[in-house]
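Q: Here you go, sequence then predicted model.
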Amino acid sequence: QVQLVESGGGLVQAGDSLRLSCAASGGTFGLYGMGWFRQAPGKEREFVASISYSGDNTAYANSVKGRFTISRDNAKNSVYLQMNSLRPEDTAVYYCARSRSIHFPSRASDYSYWGQGTQVTVSS
């Protein structure tokens, strides 16, 4: 049984940084792409960033490009999201997810396992 557990969320001020972590257990972590998504109150879940199984390739939503960085450590079965220059509009619950393959898609339907989420709140 695959489990994903996010951590690192919190309350910060605009301009601050946070690093989210996602620890995976079960399955073979290094064979799958991973992604981060977020959902703000009253809005649909949206793509934030994704990374290939090897970590060699990444993709970002335009809204976070240049501010957020996704990375992974296959030896630790973990994926990370470094978030810099945070803005109030980044406030959301952040979820990590495991892709159905080695690829790193941006559609939520292409991910088969999800964590419980971690809250990020950015005050102005």
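A: Ah, there it is. Please read all numbers here as calculations on a predicted model, not as lab measurements.

Q: Skipping its backbone neighbours, what lies nearest the residue nearest the centre of the chain in space?
A: By CA atoms, centre = their mean, the mean C-alpha position of the chain lies nearest to W36, the distance being 2.3 Å. In this structure, W36 finds its nearest non-sequential neighbour in V48, 4.3 Å apart by CB to CB, 6 or more residues apart in numbering. To be clear about C-beta, it is placed using only N, CA and C from the backbone, and glycine gets the same treatment.

Q: pretty sure the one you found is touching V79, no?
A: No. Judged on CB atoms under 8 Å, V48 makes no contact with V79 at a distance of 11.7 Å.

Q: ok, back up a step: mind listing what the residue nearest to the centre of the chain touches?
A: Contacts for W36 were tallied using CB atoms under 8 Å, 6 or more residues apart in numbering; they are L20, C22, V48, A49, S50, I70, V79, L81, Y94, Y95, C96, A97.

Q: I70 now?
A: I70 sits next to M34, W36, A49, S50, I51, T58, Y60, V79, Y80, L81, Q82 when contact means CB under 8 Å, 6+ apart.

Q: Restricted to buried residues, select those in ChimeraX.
A: Filtering the contacts of I70 down to the buried ones (16 or more other CB atoms under 10 Å) takes a single ChimeraX command:
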select :34,36,49,50,51,58,60,79,80,81
